[in-house]
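Peer 1: based on what follows, work out the 3D shape:
(one chain, ligands or ions: 2)
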Amino acid sequence: MTSLDDISVTQLKGVGSALAEKLAKLGIHSIQDLLFHLPYRYEDRTRVVPMGSLRIGDIAVVEGDVMKADLVMGRRRSLQVTLRDDSGFLVMRFFHFNAAQKNHLTEGARVRCFGEVRPGRAGYEFYHPEYQVSPPPMAAAGEATLTPVYPLTEGIQQPRVRGLCQQALGYLARFPIKDWLPPSLLSDYQLPGITDAVKLVHSPPADAAVHLLMEGRHPAQQRLVMEELLAHQLSLLQVREQIQARAALPLLPTGDLPEQFLDQLPFSLTGAQKQVMKEIRQDLSQPVPMLRLVQGDVGSGKTVVAALAALQAIGSGAQVALMAPTEILAEQHFRNFQGWLAPLGIELTWLSGKVKGKARQEALAAVASGQAQVAIGTHALFQDEVQFHRLALVLVDEQHRFGVHQRLALREKGVGGQLAPHQLIMTATPIPRTLAMSAYADLDTSVIDELPPGRKPIETVVLPDSRRDDIVERVRTACRQGRQAYWVCTLIEESEALQCQAAEVTAQELAERLPDLKIGLVHGRLKAVDKASVMEQFKSGELDLLVATTVIEVGVDVPNASLIIIENPERLGLAQLHQLRGRVGRGEQASFCVLMYHPPLSNNGKARLQALRDSQDGFFIAEKDLEIRGPGEVLGTRQTGLMQFRLADFERDKGWIEPVKEMAPALMQQPAVVSALIRRWLGENIRYGEV
Ligand code: ADP
Ligand code: MG
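Peer 2: Ligands and ions are numbered 1, 2, ... in the order given. Okay, here's the model as predicted:
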């Protein structure tokens, strides 16, 4: 039987090839695609609101007579039309208008219009409202329905999409949508069938619960939300299956490398580190590729855990790759690992995009021959020209953005291209449980939920930038006492160039004001060697103060640094600030973080900085960030499409995460259902987070 998926949108009235092309940009090809192009909100145009009751920000329909219509000159010419009803006045203002509009909107005309109330120079105003002159009577109460609002693309307007969806609904009588969910599940949660749900959200009946629909909590919407979350969950489980369909080299080490390593450490592992190691060791001994995410707050000691995992691979005669997102961090790991592993007779190689010429050839040869047991670098490690001899374990540090695509691609990099390497991904961004369950459904997770003993809390203060002089003095005092400090410059523009410029200016200014201090500067535009040498000078204590951009956000470990100044913290996410703050508090002495904001601070901004001042618990802070800014911000994947839903809203709908996780495994047994649901909700544009 034909299904709606096989019927092209070009079958609809008014859809020619030009419109079809635009629809394709929205991922809409078939009638079914169109029906799953869902309204993300509604407008209530069911009743006329008295003008006297309007408040700024209201979105409403009003109706009245034109009192006067004037061309107003001002800074920009506009057509200003004053309407009146029994209760008050409202101005419609048009900056673009044509002669016909001017002719219609004359004194005495009856007008109904729809818009958002703004404060204007003539009182409350609607800018460019939708309007009708001499409107037909309003639908009687009880007949009117909410107006759906759809996502659009250039060249398609709301009414067009609305019309097409209404046409598409006409097909449902003959071609109901296939319901893939078991009826028992729907009755358990008292949810409607798929066809009814789709009909209702596109065309809510007059008696539907308006407040539920406006909030996205109507059972029809919730049915779709649940199915959408389920489809995302299934797509990740499918990735996991695809990776684990490959065999892996079981890592069953001989010898006592781990013991030797632990003996040379100046500390013993925390209970949490031991527990996580147990989980990793267990995974690595299996003939199935490990897929594990290790979460641990800043400073919880993930690097040691990574080193122990590496030793398990090396002890089994295999190779390890360690990848970090920035040169600074990769370089720091290289030094750390070199210091730890070289004494055990292990060979390491450094490889980044900036390693060129002969050095590169040598590094590639060492990796290809297996002479290098550990290769450390940036994502350059996984370019095609890099051939490993016997790669069995990939460690990815501080890179929760390392996406599903990359995890899939790594399959090919293992021994003989056949055996997939084990994957261990580490992140210092604590990920709230619900979010981890849905964004990383393809990974097992371990949590290092304990800090090494003796860490002192970081005292955080929030100060306006009018106190800059005091703050500079504070830096002077700290450095005179033999401690070191970071000064972090941030900019809202995501332009790296501007960030670097700001840091340069600040470094210069601080150098003038603090002539007795040795000041270094790092930012993303420095050459890798220069960055590394500045970092090295800071680490060795030659520099007192390091001025930096957010490039030092992750991983940088200088225990003697005990003061960090963060400029314009109001522009950063909480999780990111927590990371930056985590650069201090790593040593013996008491540490301080100064959040130097630029007033005025919004209420929301105040609340966020206070949350940071009052807590050092990364998980608590991440929960707050999730509430305030949403999952894209917490994961740092706003731009990549990961966790972008059509209908689901992570905060509102997080109650579904747990049930969805429970129902997914049974559905995985039915590949036809899995692919149909993934196709329906993720379409052909499955976009996973890119590095
Ligand atoms: P992160 O989890 O932020 O990557 P690191 O691995 O960089 O943390 O460790 C932070 C600091 O704590 C390092 O200086 C490291 O040597 C030290 N460290 C790690 N584990 C322990 C431990 N069990 N006891 C004491 N110090 C430790
Ligand atoms: Mg680290």
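
Peer 1: ok, Val133 - contacts?
Peer 2: Counting by Cβ atoms under 8 Å, 6 or more residues apart in numbering, Val133 touches His104, Leu105, Ala109, Arg110, Val111. No exception for glycine: its C-beta is placed from N, CA and C like everyone else's.

Peer 1: mind giving me the packing neighbours of the helix or strand harbouring the last one?
Peer 2: Assigned by DSSP states H and E, Val111 belongs to strand 110-116. Helices and strands touching strand 110-116, as assessed by 3 or more Cβ pairs under 8 Å, 6 or more residues apart in numbering; DSSP states H and E, comprise strand 59-72, strand 78-84, strand 89-94, strand 123-127, strand 130-133.

Peer 1: dump those to a markdown table, plus mean pLDDT and distance to Ser352.
Peer 2: Formatted as a markdown table, the helices and strands packed on strand 110-116 follow (pLDDT from 0 to 100; distance: least, Cβ to Cβ, whole Å):
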| stretch | mean pLDDT | distance to Ser352 |
| --- | --- | --- |
| strand 59-72 | 93 | 52 |
| strand 78-84 | 95 | 56 |
| strand 89-94 | 95 | 56 |
| strand 123-127 | 93 | 52 |
| strand 130-133 | 90 | 55 |
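
Peer 1: what about the strands in the stretch 201-350 of the chain?
Peer 2: Applying DSSP state E, counting those that start in this stretch to the stretch 201-350 of the chain gives strands spanning 291-296, 319-323, 348-351.

Peer 1: of all these, which one comes closest to ligand 2?
Peer 2: When those are compared for distance to ligand 2 using Cβ to the ion, the nearest one is strand 291-296, at 8.3 Å.

Peer 1: ok, so what distance separates Ala99 from Asp65?
Peer 2: Between Ala99 and Asp65 the distance, using Cβ to Cβ, to the nearest Å, works out to 22 Å.

Peer 1: with neighbour numbers in mind, choose between the two.
Peer 2: For Ala99 versus Asp65, neighbours defined as other Cβ atoms under 10 Å are more numerous around Asp65 (13 against 7).

Peer 1: that one: what's it in contact with?
Peer 2: Per Cβ under 8 Å, 6+ apart, neighbours of Asp65: Leu83, Arg84, Asp85, Gly108, Ala109, Arg110, Val111.

Peer 1: who wins on neighbours among these?
Peer 2: For these, the largest number of neighbours (other Cβ under 10 Å) sits with Leu83, at 26 neighbours.

Peer 1: pick the one among the contacts of Val133 closest to ligand 2.
Peer 2: Distances from these to ligand 2 were compared by Cβ to the ion; the smallest belongs to Val111, at 63.1 Å.

Peer 1: and the closest one, how far from Pro50?
Peer 2: From Val111 over to Pro50 the distance is 15 Å, taken as Cβ to Cβ.

Peer 1: let's have the contacts of Val133 in CSV, adding distance to ligand 1 and pLDDT.
Peer 2: Formatted as CSV, the contacts of Val133 follow (distance: Cβ to the nearest ligand atom, whole Å; pLDDT from 0 to 100):
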residue, distance to ligand 1, pLDDT
His104, 66, 91
Leu105, 64, 94
Ala109, 68, 95
Arg110, 68, 96
Val111, 63, 96
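
Peer 1: write out the residues of the stretch 151-300 of the chain neighbouring ligand 1.
Peer 2: When proximity is defined as Cβ under 6 Å from any ligand atom, the stretch 151-300 of the chain approaches ligand 1 at Phe267, Leu269, Thr270, Gln273, Gly296, Val298, Gly299, Ser300.

Peer 1: quick check: which of the residues you listed has the minimum pLDDT.
Peer 2: Across these, no position has a lower pLDDT than Val298, which has 80.

Peer 1: contact partners for the nearest residue to that one once chain neighbours are set aside?
Peer 2: In space, and not counting its chain neighbours, Val298 is closest to Gly582: 2.8 Å by Cβ to Cβ, 6 or more residues apart in numbering. Applying Cβ under 8 Å, 6+ apart, one finds that Gly582 lies in contact with Asp297, Val298, Gly299, Ala428.

Peer 1: list the residues that contact Val367.
Peer 2: Contact criterion Cβ under 8 Å, 6+ apart gives Gln319, Thr349, Leu351, Ala375, Val386, Gln387, Phe388, His389 as the residues in contact with Val367.

Peer 1: and which of those residues is nearest ligand 1?
Peer 2: Looking at these and their distance to ligand 1, the nearest is Ala375, at 19.5 Å (Cβ to the nearest ligand atom).

Peer 1: now the residue of the stretch 501-650 of the chain found nearest ligand 1, what's its secondary structure?
Peer 2: Across the stretch 501-650 of the chain, no residue is closer to ligand 1 than Asp557, which sits at 4.5 Å (Cβ to the nearest ligand atom). Secondary structure for Asp557, judged by DSSP: H, G, I helix; E, B strand; the rest coil, is coil.

Peer 1: quickly note the distance from it to Val15.
Peer 2: If you measure Asp557 against Val15 using Cβ to Cβ, the figure is 59 Å.

Peer 1: Arg613 and Arg513: what is the separation?
Peer 2: Arg613 sits 26 Å away from Arg513, taking Cβ to Cβ as the criterion.

Peer 1: show me what from the protein comes close to ligand 1.
Peer 2: The chain has residues 267, 269-270, 273, 296, 298-304, 428, 452, 555, 557, 559, 586 near ligand 1, with proximity defined as Cβ under 6 Å from any ligand atom.
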